[in-house]
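Novice: Pasting a predicted model and its sequence here:
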Amino acid sequence: MKYFRIFDRVDGKARDRYWMLSDPTSSQGEPWEPFLHLVAGEKIQVPPYEFAYKLLSDGSPLRFNLSGLYIPVVDVSLADRMCDYCGDELQILGARIGSDLSDKYRTLNIASRVDCLNAAKSDYIPWPDDYSGDRSRAVGWILKRPVLKRGAIEGRHAFRIAHWGNDWVVDETLITEIASAVPKGIYRVDEVEISD
């Protein structure tokens, strides 16, 4: 089984024609503590939560969107298919985009965190000496090329990398489903190296 990370191509020419979403906030527009669970790989225990997203750029809607912090916001039918495939690894939560309160989109919480990073073989930028923020959530500052431990991820479909903030990984079946839902050139997909 192959695994992949997905990134928004904010500089791509094709990207300018489609939605770009903000970080999630509460439905009243306030920064909201539960959104931290969305990057931690934990289930939010008291659903239903609704997250609000501002449109940072107008354009055509996408069936699969990455908001700020790479949180997936997807149309209902795609969310249902992804959750049917992934089971407990994903959690469906509400999403409001702009002033639209419709039932067209959902926030996907990647609710599985796996201790699978082979830090010795991975390429990452360490924390700057003058960084005064919380270093406990990640091994370093920017994960450039992760190498994951095969035994830790076998049988998994979607998960966040423990000790690495908001990075998440999906298997080849899920990346094919996502790729079929968006035009080419919107996202960059990188295959993740696996070690024994």
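Specialist: Here it is on my side, so go on. Bear in mind the structure is a predicted one, so any value in this text is a computation, not a measurement.

Novice: Can you tell me which helix or strand of the chain has the lowest average pLDDT?
Specialist: Here the helix or strand of the chain ranked lowest by mean pLDDT, DSSP states H and E is helix 35-40, holding a mean of 68.

Novice: what residues are up against residue 7?
Specialist: Counting by Cβ atoms under 8 Å, 6 or more residues apart in numbering, residue 7 makes contact with 66, 70, 187, 188, 189, 190. Every C-beta, even on glycine, is put in place using the N, C-alpha and C of the backbone.

Novice: Quick check: phi and psi on it?
Specialist: With angles defined as degrees, to the nearest 10, residue 7 shows backbone torsions of phi -130, psi 150.

Novice: And for the one 10 residues further on?
Specialist: In this entry, residue 17 is assigned phi and psi values of phi -90, psi 0 (degrees, to the nearest 10).

Novice: so who does the nearest residue to it once chain neighbours are set aside touch?
Specialist: Closest residue to residue 17 apart from its sequence neighbours, by Cβ to Cβ, 6 or more residues apart in numbering: residue 59 at 5.0 Å. By Cβ under 8 Å, 6+ apart, the contact set of residue 59 is 16, 17, 18, 19, 20.

Novice: Got a quick ChimeraX command for the buried subset of those residues?
Specialist: Here is the ChimeraX command that selects only those of the contacts of residue 59 that count as buried (16 or more other Cβ atoms under 10 Å):
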select :18,19,20
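
Novice: circling back: can you tell me which helices and strands the next helix or strand after the least confident helix or strand of the chain packs against?
Specialist: Later in the chain than helix 35-40, the nearest helix or strand by DSSP states H and E is strand 50-53. Applying 3 or more Cβ pairs under 8 Å, 6 or more residues apart in numbering; DSSP states H and E, one finds that strand 50-53 makes contact with strand 90-97.

Novice: contact partners of the strand it packs on?
Specialist: 19, 21, 27, 43-44, 47-53, 55, 61, 73, 79-80, 82-83, 105-111, 158.

Novice: ok now that strand, how far from the chain's centre?
Specialist: How far strand 90-97 lies from its chain's middle: 12 Å, per Cα atoms, centre = their mean, to the nearest Å.

Novice: Beyond that strand, next helix or strand please.
Specialist: Under the assignment DSSP H and E, the closest C-terminal helix or strand after strand 90-97 is strand 105-110.
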